[in-house]
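Engineer: Show me the folded form of this:
(one chain, ligands or ions: 2)
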Amino acid sequence: MIRAVIFDLDGVIVSTDEFHYQGWQRLADEEAVPFDRQVNERLRGVSRQQSLEILLERDSRRRSDGEKHALAERKNEYYRALIQTLVPGDLLPGVPAVIAGLKDRHIKIAIASSSKNTWTILERVGLTDTFDAVVTGNDIRETKPSPEIFLKAAHQVGLPPAECLVIEDAAVGVEGALRAGMRVLAVGSAATDPRATARADSLATFPASDILMIGEV
Ligand code: BG6
Ligand code: MG
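Structural biologist: Ligands and ions are numbered 1, 2, ... in the order given. Predicted coordinates for the structure are as follows:
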């Protein structure tokens, strides 16, 4: 039985995945590093520093650790300017209804996001007091596909992994949730991932009642 739902943030609750892309694209253009949406797909769900390493795979220059740090900071500045524009109306379609439906049924809800900007985003969209647990990029040692972030979220809501379902838009997130022993609903960019327990293009077509039936026999 599912008694907790753990949400990824970027690309599941809000379309900040697009802002991440815009921030990296601007940095890549300024640094003359080839970058496009296809490469960007590999950045989904991974930490800022690891995202930079992937972006720099196509770089012809060698960068010191200090330079890399400065590049990641610069991208974060661009990104933070973009998230300042967020308002509660920017929640992705279906999200408010799913959250309300889960709360009505006394299901625990949590956030498990690799982002160190998680709390800023939750503030902007009016969700700071909504979740029973929030685990962010500041609280983990290993980035997804490590199961660490999901296990921490389960621990914080006090439920075993087998009673948790994760909603993810990243391939590394789907993998991490499965490694944690949880069921996964893959949405958006991950909606065709064959490893997921269930798939949906968007939460708009997947009400809370259906989410709670995933993987039930
Ligand atoms: C994840 C995103 O949620 O957070 C990644 O999917 C991003 O694209 C990562 O790199 C880290 O985010 P931040 O906000 O700490 O740079
Ligand atoms: Mg995501």
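Engineer: When you work out contacts or count neighbours from here on, use the C-alpha atoms and nothing else.
Structural biologist: Fine.
Engineer: could you pull out the helices for the chain?
Structural biologist: Applying DSSP state H to the chain gives helices spanning 16-31, 37-41, 48-55, 65-83, 95-104, 118-124, 148-157, 171-179, 208-211.
Engineer: beta partners for the residue nearest to residue 206 when sequence neighbours are not counted?
Structural biologist: Distances taken as CA to CA, 6 or more residues apart in numbering put residue 200 closest to residue 206, at 7.1 Å, once the chain neighbours are dropped. Beta-bridge pairing for residue 200 (DSSP bridges): residue 187.
Engineer: so residue 200 makes contact with residue 194?
Structural biologist: No - with contacts counted by CA atoms under 8 Å, residue 200 stays clear of residue 194, the gap being 11.8 Å.
Engineer: So those two - more neighbours on which side?
Structural biologist: Taking neighbours as other CA atoms under 10 Å, residue 200 and residue 194 compare with residue 200 leading, 16 against 11.
Engineer: what's near enough to touch the more buried one?
Structural biologist: Shown in contact with residue 200 (CA atoms under 8 Å, 6 or more residues apart in numbering): 185-188, 191, 206.
Engineer: Just among those residues, which is most surrounded?
Structural biologist: Neighbour max across the contacts of residue 200 (other CA under 10 Å) = residue 186, 29 neighbours.
Engineer: Determine which stretch of the helices of the chain is the most buried.
Structural biologist: helix 171-179 (a mean of 24; mean count of other CA atoms under 10 Å).
Engineer: picking up where we left off before, any chance of the helices of the chain in CSV, plus distance to ligand 2?
Structural biologist: Listed next are those as CSV, based on distance: least, CA to the ion, whole Å:
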stretch, distance to ligand 2
helix 16-31, 7
helix 37-41, 10
helix 48-55, 13
helix 65-83, 15
helix 95-104, 14
helix 118-124, 11
helix 148-157, 13
helix 171-179, 8
helix 208-211, 18
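Engineer: For residue 6, which of the ones you listed is the nearest?
Structural biologist: helix 148-157 (7.3 Å; CA to CA).
Engineer: Please save the CA atoms from the closest one in PDB.
Structural biologist: C-alpha atoms of helix 148-157 as PDB (Å, rounded to 0.1, in the frame of the first residue of the first chain):
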ATOM      1  CA  GLU A 148      20.200   8.400  -0.700                       C
ATOM      2  CA  ILE A 149      17.900  11.300  -1.200                       C
ATOM      3  CA  PHE A 150      14.800   9.000  -1.500                       C
ATOM      4  CA  LEU A 151      15.800   7.000   1.500                       C
ATOM      5  CA  LYS A 152      16.200  10.200   3.500                       C
ATOM      6  CA  ALA A 153      12.800  11.400   2.500                       C
ATOM      7  CA  ALA A 154      11.200   8.100   3.500                       C
ATOM      8  CA  HIS A 155      13.000   8.100   6.800                       C
ATOM      9  CA  GLN A 156      11.800  11.700   7.500                       C
ATOM     10  CA  VAL A 157       8.100  10.700   6.800                       C
END
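Engineer: Alright, calling it a day.
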